[in-house]
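# Mind folding the following:
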Amino acid sequence: MTKKHELIIYKKKHYAEIIRGSLRKNETTFFSPEKSSFQFGLLAHKKGFKEPAHYHRPFKRTIKDLQQMFVVQKGKIRVDLFSDDKKLIRKIILKKGDSIVLIHGIHAITVLEDMQCISVKQGPFLGPEFDKVFIKVKK
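Numbering: from 1, shown residues only. Here you go, the predicted model:
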């Protein structure tokens, strides 16, 4: 049975967090630690809820990691997670409605069915030649 929410930890490091499309909450729930540079959760409110107009206070943040999130809108993908020493930790299948935040380590994506995902990560994007480091991994 697939867990509806899962934190993947290897050698005391958080590598990824998954929220399955089937997870249901009655109230807004964030799963990420408050100090995480990327907040991952579900917004849930009852009909009629109104949040007052607001903005988020700007302040200088220092971010030392680059986390990335996928929300699968259609299709199916496999995310392979690798440790810092390039060993395969886990293969994760994601389908429509599932989401993952990649927190640490090396990852690879394989498209199993034609897919479309929303992808979110911190910017600015400085181009693939700077942003991406390709690694030979152990399978």
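# Start from the N-terminal end of the protein and give the helices.
128-131 (DSSP state H).
# low pLDDT regions in it?
The model of the chain has pLDDT under 70 over residues 1-2, 139.
# most centrally placed residue in this structure?
The chain has Val101 as the residue nearest its centroid, 1.0 Å off, counting by CA atoms, centre = their mean.
# ok, now which ones touch that residue?
Neighbouring residues of Val101 by CB atoms under 8 Å, 6 or more residues apart in numbering: 16-17, 32, 38, 40, 67-69. All C-beta atoms are positioned from the backbone trio N, CA, C, and that covers glycine.
# The same query, at a cut-off of 10 Å, please.
7, 14, 16-19, 31-32, 36, 38-41, 67-71, 120-121 (CB atoms under 10 Å, 6 or more residues apart in numbering).
# can you check Lys46 too?
26-27.
# now do Lys74
95-97, 113-117.
# Equivalent analysis for Leu102, please.
Residues in contact with Leu102 (CB under 10 Å, 6+ apart) are 8, 15-17, 38, 66-70, 79, 81, 109, 121.
# and Arg90, what is it in contact with?
So Arg90 contacts 6, 8, 10, 15-16, 79-83 (CB under 10 Å, 6+ apart).
# Report the beta-bridge partners for it.
Leu81 (DSSP bridges).
# can you check the one 4 residues further on too?
Listed beta-bridge partners, Leu94: Ile77 (assigned using DSSP bridges).
# Give me the neighbour count for it.
A count of nearby residues for Leu94, using other CB atoms under 10 Å, gives 23.
# before we move on, what about the one 10 residues further on?
Look at His104: counted by other CB under 10 Å, it has 17 neighbours.
# That one contacts Leu7, correct?
No. Using CB atoms under 10 Å, His104 makes no contact with Leu7, being 11.6 Å away.
# Could you name every residue contacting both of those two?
14-16.
# Dump these into JSON lines; add distance to Lys136 and neighbour count as well.
Shown next, in JSON lines, are those (distance: CB to CB, whole Å; neighbours: other CB atoms under 10 Å):
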{"residue": "His14", "distance to Lys136": "24", "neighbour count": "17"}
{"residue": "Tyr15", "distance to Lys136": "19", "neighbour count": "21"}
{"residue": "Ala16", "distance to Lys136": "21", "neighbour count": "24"}
